[in-house]
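In: how would this look folded up:
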Amino acid sequence: MIEMIAALQPLVVGAVLLWSARVKLLSRHAAAVAGRSALVNLLGERRALPAYRLVGGVELTLGGLLVLPPALRAEAAAAAVLAAGFLAYLGYARRAAPTSSCGCLSARATPVSHRGIARAGLLLAASGLAALAPGGWLAALTARPFAGTAVLLVELAAIVALSPELDRAWLLPLRQLRMRLTHPLRGNSGVPLLATVQQLQLSDAYRRVAPLLRSDVREHWDDGDWRFVGHAARYQGRAATAVFAVPLADPEPAAVRVAVVDDTTGHTLLSLAGTPPAAGPHLAVSPA
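Out: Numbers count the residues shown, from 1 in each chain. The predicted model follows:
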């Protein structure tokens, strides 16, 4: 199995290099991408674009050699050297120019991140593994097509997941689908969360604990006739959570209650009761 995986690595690395070369050599935004990259800090503004194009040319050449047979270990070794260079460059950019753009797989401005560094590390590992392969990727894929295809899909999915510049192509649609399916602004009761937040923000309980709050709505859930809304808070130097109880059937702000709970011990540090409806949970007033 390990021999098959090693034999497939030139195809994976070569495909990534060809994609990266496309951005550097064919994108009409290449000059802008180079100007936003750490190459400006490293080489100067005048040399940034020629260096960017040169890297693209190296990627195109090496990517083509890796993808096309025959499989040579020298090609995999050269890819490992290039991946090590990418890793060193991203580490430099992260330190010396943290606001610079990666300019790796897309013309979109994307800051250098841990994900991009992990991707370069993955390419380095794949290139090193390819240097140990006894044969070419075509023979390995022909011999075990289903297993080989699964390995390729998993590796390419890992590359995409570690590429922030590609998030718009897959992560944003996935988040939009989740929002359509889960309706995050609605609880189980069908009452919009926005209506609940507006009600609690108009309440006396909210005004009294507002100086303690350190976040917007962090979590919410429904329990019977009540909706509970949590905010991060800080009370007398302690990390805490402010939990508001908002009646779903009573729109009056006066009915809102709040309890401030110590995050470490779970003890209630402060609780304020509004004017509750006929039935519901009781939060008695307790001193600090």
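In: Now do the helices in the stretch 101-250 of the chain.
Out: 114-130, 137-143, 145-161, 167-182, 193-201, 204-209 (DSSP state H, counting those that start in this stretch).
In: Would you format the ones you listed as CSV with distance to residue 95 and mean neighbour count included?
Out: C-beta here means a position set from N, CA and C on the backbone, and glycine is covered the same way. Formatted as CSV, these follow (distance: least, CB to CB, whole Å; neighbours: other CB atoms under 10 Å):
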stretch, distance to residue 95, mean neighbour count
helix 114-130, 11, 20
helix 137-143, 36, 17
helix 145-161, 24, 14
helix 167-182, 24, 11
helix 193-201, 41, 18
helix 204-209, 42, 18
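In: Poorly predicted segments of the stretch 101-250 of the chain, please.
Out: For the stretch 101-250 of the chain, residues meeting the criterion pLDDT under 70 lie at 175-176, 178-190.
In: rewinding a little: mind putting the helices of the stretch 101-250 of the chain into CSV with distance to residue 271?
Out: Compiled in CSV, the helices of the stretch 101-250 of the chain are given as follows (distance: least, CB to CB, whole Å):
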stretch, distance to residue 271
helix 114-130, 41
helix 137-143, 65
helix 145-161, 44
helix 167-182, 31
helix 193-201, 15
helix 204-209, 9
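In: and the nearest residue to residue 232 once chain neighbours are set aside, how far is that from residue 15?
Out: Setting aside the residues directly before and after it, residue 232 is nearest to residue 215 in space (CB to CB, 6 or more residues apart in numbering), at 3.8 Å. Noted for residue 215: a distance of 42 Å to residue 15, by CB to CB, to the nearest Å.
In: Neighbour count: the two, which is higher?
Out: residue 15 (17 against 11; other CB atoms under 10 Å).
In: The more buried one contacts residue 68, correct?
Out: No: counting by CB atoms under 8 Å, residue 15 stays clear of residue 68, with 12.0 Å between them.
In: okay, now the domains of this structure?
Out: Per the record, the chain has its domains at 2-176, 193-272, by automatic domain parsing.
In: So what does the closest residue in space to residue 208 that isn't next to it in sequence have for phi and psi?
Out: Counting by CB to CB, 6+ apart, residue 272 is the residue found nearest to residue 208 once chain neighbours are left out, at 6.1 Å. The phi and psi values for residue 272, taken as degrees, to the nearest 10, are phi -130, psi 130.
In: Residue 272 and residue 254 touch, don't they?
Out: No: proximity of residue 272 to residue 254 does not meet the contact threshold set by CB under 8 Å, at 11.5 Å.
In: Quickly list what's touching both of the two.
Out: The contact sets of residue 272 and residue 254 overlap at residue 204 (CB atoms under 8 Å, 6 or more residues apart in numbering).
In: which one of those two has more residues nearby?
Out: Using other CB under 10 Å as the criterion, residue 272 and residue 254 rank with residue 272 on top: 20 against 13.
In: For the more buried one, list each beta-bridge partner.
Out: residue 258 (DSSP bridges).
In: how much space between residue 160 and residue 249?
Out: 47 Å.
In: ok, now residue 140?
Out: From residue 140 to residue 249 the distance is 65 Å (CB to CB).
In: go on, residue 239?
Out: Residue 239 is 33 Å from residue 249, by CB to CB.
In: Then residue 270?
Out: For residue 270, the distance to residue 249 - CB to CB - is 26 Å.
In: who has more neighbours, these two?
Out: Shown here are residue 270 and residue 249; by other CB under 10 Å, residue 270 has more neighbours (20 against 13).
In: Which SSE is immediately downstream of the helix or strand containing residue 24?
Out: In this assignment (DSSP states H and E), residue 24 forms part of helix 2-26. Scanning forward in sequence from helix 2-26 by DSSP H and E, the next helix or strand is helix 30-36.
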